[in-house]
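Visitor: sequence unknown, structure follows:
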Ligand code: PEP
Ligand code: MN
């Protein structure tokens, strides 16, 4: 797939507006207050997908007229979330500038297909949020369905992934998934929805800076004139003034610098890093040799591959070492788990391979 740009070349792309359109006054007040903050696109949810019933589920179709007024009065293009063909029809009938597909909808291929079918032959940009589950293929699948319907102007919105239990984030960012999307489609514009990732105000700025540092094209931010009184997602919304202040203090960095000294020193550092990476691979290969040697003696004595006590002890020891060397607990855990899994595979192959090959052990 090759995408056509949704936005002008100006970076960062700022997309802001309330979680939900609540009243005409609230929508217009937000839009007018945002007009001078460099916002490229005004957002407001009209049909709200809520986790549990009995909460505010959006004002529905009448809200589309409020968005029309926003464009007339402020000149800002407007967008809202669509989850089915009827939403698409209503938006097209009201001249909404762009559509966005929400996280719950992206997760459902039936709904995405229905939206794609409704967009056949229609030239309107579509923003696709990541699915709630961390599945890059499903996210890409949504782009493919729309692409097959002829939609070319598409951009992605990374809003994090659902998780259960306590976390600093409302939706875990899992940055690597968005990075993988960017690597797969270098011409796809990607925005970061910091509001739904954070779920709270106090971490918005640092998360936005992280997104800038990862070369995101821009941000989606929920903005409300009186956030504490918002009918949905009150804890994560900020005022237009806070939005302006935050975006002004964020630092935008360029992908590279053409200064020769900079290029020469980065080249030197990279050479040193490449050497270390080579050493790491060589060390891992040696480690796996030892793992296979252990595998042989385990096989001889019929001892289990997985040794829980040993793994626990190894993990504890490495976490301590990691802490001493300023390596995060998450990183050490991931690294050790990856190494341990490979070790298990290697021993499994060694211990069971001949029997499997001889067809004696069903897999
Ligand atoms: C929203 O942007 O208001 C929204 C419902 O987001 P998501 O689909 O990411 O949950
Ligand atoms: Mn919201």
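Guide: Happy to help now that I have it. All values derive from a computational prediction rather than experimental measurement. Ligands and ions are numbered 1, 2, ... in the order given.
Visitor: any stretches of the stretch 101-250 of the chain with poor pLDDT?
Guide: Per-residue confidence for the stretch 101-250 of the chain (pLDDT under 70) gives no ranges below the cut-off.
Visitor: and the residue of it that's closest to ligand 2?
Guide: residue 233 (3.8 Å; Cβ to the ion). For every residue, glycine as well, the C-beta is placed using N, CA and C.
Visitor: tally up the residues packed near the nearest residue to that residue once chain neighbours are set aside, please.
Guide: In space, and not counting its chain neighbours, residue 233 is closest to residue 19: 4.1 Å by Cβ to Cβ, 6 or more residues apart in numbering. Under the neighbour criterion other Cβ atoms under 10 Å, residue 19 is assigned a count of 24.
Visitor: how about residue 299?
Guide: Residue 299: 15 surrounding residues under other Cβ under 10 Å.
Visitor: where's it, which helix or strand?
Guide: Take DSSP states H and E as the rule and residue 299 turns out to sit in helix 260-301.
Visitor: check the offset of stretch 94-107 from the chain's centre.
Guide: Remark: stretch 94-107 is offset 16 Å from the chain centroid, using Cα atoms, centre = their mean, to the nearest Å.
Visitor: whoops, stretch 307-317 was the one
Guide: In this view, stretch 307-317 has its centroid 33 Å away from the chain centroid, taken as Cα atoms, centre = their mean.
Visitor: and for stretch 27-39?
Guide: A distance of 26 Å separates the centroid of the chain from that of stretch 27-39, by Cα atoms, centre = their mean.
Visitor: residues of it that come out buried?
Guide: Of the residues in stretch 27-39, those buried by neighbour count under the rule 16 or more other Cβ atoms under 10 Å are 27, 28, 29, 30, 31, 33, 34, 35, 37, 39.
Visitor: repeat that for stretch 138-149.
Guide: When neighbours are counted by 16+ other Cβ under 10 Å, the buried residues of stretch 138-149 are found to be 138, 139, 140, 141, 142, 143, 145, 146, 147, 149.
Visitor: ditto for stretch 119-132
Guide: Using 16+ other Cβ under 10 Å as the test for burial, stretch 119-132 gives 119, 124, 125, 126, 127, 128, 129, 130, 131, 132.
Visitor: return only those of the residues you listed found close to ligand 1.
Guide: Among the buried residues of stretch 119-132, the residues that sit close to ligand 1 (Cβ under 6 Å from any ligand atom) are residue 129.
Visitor: just the ones of the buried residues of stretch 119-132 in strands?
Guide: When strands are assigned by DSSP state E, the members of these inside them are 126, 127, 128, 129.
Visitor: list the contacts for the first one?
Guide: This points to residue 126. By Cβ atoms under 8 Å, 6 or more residues apart in numbering, the contact list for residue 126 reads 98, 99, 100, 101, 119, 146, 151, 153, 154.
Visitor: equivalent analysis for the third one, please.
Guide: For residue 128, the contacting residues are 100, 101, 106, 139, 142, 143, 146, 154, 155, 156, 157, by Cβ under 8 Å, 6+ apart.
Visitor: go with 7 Å
Guide: With contacts taken as Cβ atoms under 7 Å, 6 or more residues apart in numbering, residue 128 has the following neighbours: 101, 106, 142, 143, 154, 156, 157.
Visitor: could you check which residue of the chain lies nearest ligand 1?
Guide: Minimum separation of the chain from ligand 1 (Cβ to the nearest ligand atom) falls at residue 102, amounting to 3.0 Å.
Visitor: helix/strand/coil for residue 121?
Guide: In the three-state summary, residue 121 is assigned as coil, counting by DSSP: H, G, I helix; E, B strand; the rest coil.
Visitor: quick one: contacts of stretch 98-108?
Guide: Contacts to stretch 98-108, defined as Cβ under 7 Å, 6+ apart, come from residues 41, 49, 77, 79, 81-83, 88, 91, 111-112, 115, 124-133, 138-139, 142, 157, 159.
Visitor: I'd say residue 79 and residue 94 touch.
Guide: No - counting by Cβ atoms under 7 Å, residue 94 is not a contact partner of residue 79; they are 11.9 Å apart.
Visitor: the more surrounded of the two?
Guide: Taking residue 79 and residue 94 together and counting by other Cβ under 10 Å, residue 79 has the greater number of neighbours (25 against 16).
Visitor: secondary structure class of that one, three-state.
Guide: For residue 79, the reduced secondary structure class is strand; criterion used: three-state DSSP.
Visitor: and it, how far from residue 102?
Guide: Here residue 79 is placed at a distance of 12 Å from residue 102 (Cβ to Cβ, to the nearest Å).
Visitor: overlap in contacts of the two?
Guide: Residues within reach of residue 79 and of residue 102 at once, by Cβ under 7 Å, 6+ apart: there are none.
Visitor: the residue nearest to residue 124 when sequence neighbours are not counted is in what secondary structure piece?
Guide: Of all residues not flanking residue 124 in the chain, residue 99 sits nearest, at 6.2 Å (Cβ to Cβ, 6+ apart). Using DSSP H and E, residue 99 maps to strand 98-101.
Visitor: ok, and does that strand reach over to ligand 2?
Guide: No - looking at strand 98-101 against ligand 2 by Cβ under 5 Å from the ion, there are no contacts, and the closest approach is 11.6 Å.
Visitor: and if you look at stretch 57-67?
Guide: No - in this structure, stretch 57-67 remains apart from ligand 2 according to Cβ under 5 Å from the ion; the gap is never smaller than 10.8 Å.
Visitor: what's next to that stretch, contact-wise?
Guide: If you take Cβ under 7 Å, 6+ apart as the criterion, stretch 57-67 is touched by 20-21, 24, 27-28, 44-48, 50, 78, 80, 90-91, 94, 96.
Visitor: before we move on, what about stretch 304-311?
Guide: In this structure, residues lying in contact with stretch 304-311 by Cβ under 7 Å, 6+ apart are 298, 340, 344, 347, 348, 351.
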